[in-house]
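Participant: Okay, here's the prediction I keep looking at, along with the sequence it came from:
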Amino acid sequence: DTEVTQTPKHLVMGMTNKKSLKCEQHMGHRAMYWYKQKAKKPPELMFVYSYEKLSINESVPSRFSPECPNSSLLNLHLHALQPEDSALYLCASSQGLATDQQFFGPGTRLTVL
Amino acid sequence: AQTVTQSQPEMSVQEAETVTLSCTYDTSESNYYLFWYKQPPSRQMILVIRQEAYKQQNATENRFSVNFQKAAKSFSLKISDSQLGDTAMYFCALGPGNTGKLIFGQGTTLQVKP
């Protein structure tokens, strides 16, 4: 299984809502990532988890809260988002931090009203 | 600071022809990887090809090959026999170092025309 899955595919939320994005991989990877991608732009790194511990937070606003419950799962909890947070949120995983290839999920298309 | 530059925002090529996408980078690391990722419209980002910096031989994957010029810090992607399914945004990336961070270029949108 060389797949990273993400749910939901699409999400529309109001600025006062609380929602969560979910990412799952069963490749035995120990590093997982959240990226934010705007249209026609490269992905921007948000968070990196290594062995279920947060290793990088790229100065992301606190309205985004990551969680890594186990080695296969990565969540991104959303609260009080702004319209400018509307984007494609990508999850990725790799065997380790220094290993080469990152495998990307299909993303969650988020719209904040 | 590490940087990746893709100087061609958009390119087009006729089906069955060959096209080359450019990428230059800057890093002070001695050991690193370079990648080309493909992101078709509204579809998943997938790895096209990767190159380990310490390997002098250029990587190839079927119709995709790279021209890796380490001294010039250049890493171009050649697509031979272009197919309609090659239409996508292509990102050059540098990394990951010890932190897992990938540094992406701004991307090149490639349109393959029938």
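Facilitator: Structure received.
Participant: who touches A:Ser72 in this structure?
Facilitator: If you count contacts by Cβ atoms under 8 Å, 6 or more residues apart in numbering or on different chains, A:Ser72 has them with A:24-26. From N, CA and C alone the C-beta is placed, and that goes for glycine too.
Participant: With respect to chain B, which of those is nearest?
Facilitator: Minimum distance to chain B across the contacts of A:Ser72 is 13.4 Å, recorded for A:Gln25 (Cβ to the nearest Cβ).
Participant: Any chance of a markdown table for the contacts of A:Ser72, columns secondary structure, neighbour count and pLDDT?
Facilitator: Converted to a markdown table, the contacts of A:Ser72 look like this (DSSP: H, G, I helix; E, B strand; the rest coil; neighbours: other Cβ atoms under 10 Å in any protein chain shown; pLDDT from 0 to 100):
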| residue | secondary structure | neighbour count | pLDDT |
| --- | --- | --- | --- |
| A:Glu24 | strand | 18 | 97 |
| A:Gln25 | strand | 23 | 96 |
| A:His26 | coil | 13 | 91 |
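Participant: Is the strand or helix carrying A:Leu76 positioned near chain B?
Facilitator: Per DSSP states H and E: A:Leu76 is located in strand A:73-79. No - with Cβ under 8 Å from any Cβ of the partner chain as the criterion, chain B is not reached by strand A:73-79; the gap is at least 13.3 Å.
Participant: Return the list of strands paired to that strand, each annotated with direction.
Facilitator: Strand pairing for strand A:73-79, determined by DSSP bridges: strand A:18-25 (antiparallel), strand A:64-70 (antiparallel).
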